[in-house]
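Enquirer: A structural model of the following input is requested.
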Amino acid sequence: MKLVLLFGPQAVGKMTVGQQLEKITGLKLLHNHMTIDLLEPFFGFGEEMWRLSDMFRMEIFKAVAKSDLDGLIFTFVWALNRQEDWDAVREMCDIFSDAGADIYFVELEADVDERLKRNNTPNRLEHKPTKRNTAFSEKELLQSMEKERFNSFDGEMKHKNYIRIHNTNLSAAKTAGMIQEKFGL
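Expert: Okay, here's the model as predicted:
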């Protein structure tokens with residue numbers, strides 16, 4: 001069993017890299033918008049949507065950890081300046097480590113200009129309905145950078161299986177290949 005945690009800021013390419021990684025490894029992809037876009041039409045982006053999204057994800061993690069699947073790729077935005085995000089990652093990892101899974105941390109980073117371009121790609125808009133209001137998501141992307149930190153400081157990630165990839169000039173397929181090679185997935 002393997003858990004690949006693919007994290008980084010909005011529009012860095014997490015889902016698209018995850019899709020490519022799923023193709024070459026056979027691991028199943030759960031990108032963060034699969035739960036968000038299910039619940040947002042009912043609850044907007046309020047507390048209830050986030051509560052249910054977190055609950056659904058944890059239940060999915062528990063079910064996968066108990067299953068005979070080879071593993072899971074999960075993409076998410078990790079606010080590294082928020083203790084509650086660190087706690088959620090620890091809880092997620094505990095579910096998998098208790099099941100004997102190997103856990104891999106993959107951090108993506110890209111220049112803001114590239115992320116703004118990726119914010120409008122057809123693949124992103126097809127798979128993330130709440131991002132189709134591109135003016136809103138672009139504003140959110142830029143404003144969130146003022147109060148949140150979505151990439152780690154040098155040396156902050158102490159995990160054994162960790163890689164940070166600056167993917168501004170890399171295709172999703174190339175990035176996924178680098179991850180597969182690094183961890184032998």
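
Enquirer: Helix, strand, or coil at Val4?
Expert: Here Val4 is strand, with the state taken from DSSP: H, G, I helix; E, B strand; the rest coil.

Enquirer: Ignoring the adjacent residues along the chain, who's closest to Leu39?
Expert: Counting by C-beta to C-beta, 6 or more residues apart in numbering, Met49 is the residue found nearest to Leu39 once chain neighbours are left out, at 4.6 Å. Heads up, the C-betas are built off the backbone N, CA and C, glycines and all.

Enquirer: element containing the one you found, please.
Expert: Under the criterion DSSP states H and E, the helix or strand holding Met49 is helix 47-66.

Enquirer: Identify the residues contacting the residue nearest to Leu39.
Expert: Counting by C-beta atoms under 8 Å, 6 or more residues apart in numbering, Met49 touches Ile36, Leu39, Glu40, Phe42, Phe43.

Enquirer: And the pLDDT for it?
Expert: On the pLDDT scale, Met49 is placed at 94.

Enquirer: Can you pull up the most central residue in this structure?
Expert: Geometric centre of the chain, nearest residue: Thr75, 1.8 Å, by C-alpha atoms, centre = their mean.

Enquirer: thinking it is in contact with Leu29, fair?
Expert: Yes: at 7.5 Å, Thr75 counts as touching Leu29 under the criterion of C-beta atoms under 8 Å.

Enquirer: Helices of this protein, start to end?
Expert: 14-25, 33-43, 47-66, 83-98, 112-118, 122-127, 134-147, 172-183 (DSSP state H).

Enquirer: What is the distance between the helix or strand of the chain with the lowest mean pLDDT and the centre of its chain?
Expert: When the helices and strands of the chain are scored by mean pLDDT, DSSP states H and E, helix 122-127 comes last with a mean of 83. Remark: helix 122-127 is offset 16 Å from the chain centroid, using C-alpha atoms, centre = their mean, to the nearest Å.

Enquirer: Give me the contacts around that helix.
Expert: Ala11, Met15, Thr16, Gln19, His31, His33, Arg118, Lys131, Arg132, Thr134.

Enquirer: mind listing what's buried in that helix?
Expert: Buried residues in helix 122-127, counted by 16 or more other C-beta atoms under 10 Å: Arg124, His127.

Enquirer: thinking again about what came up before, what residues are shared contacts of Thr75 and Leu29?
Expert: With C-beta under 8 Å, 6+ apart as the test, Thr75 and Leu29 both reach Met15, Gly18.
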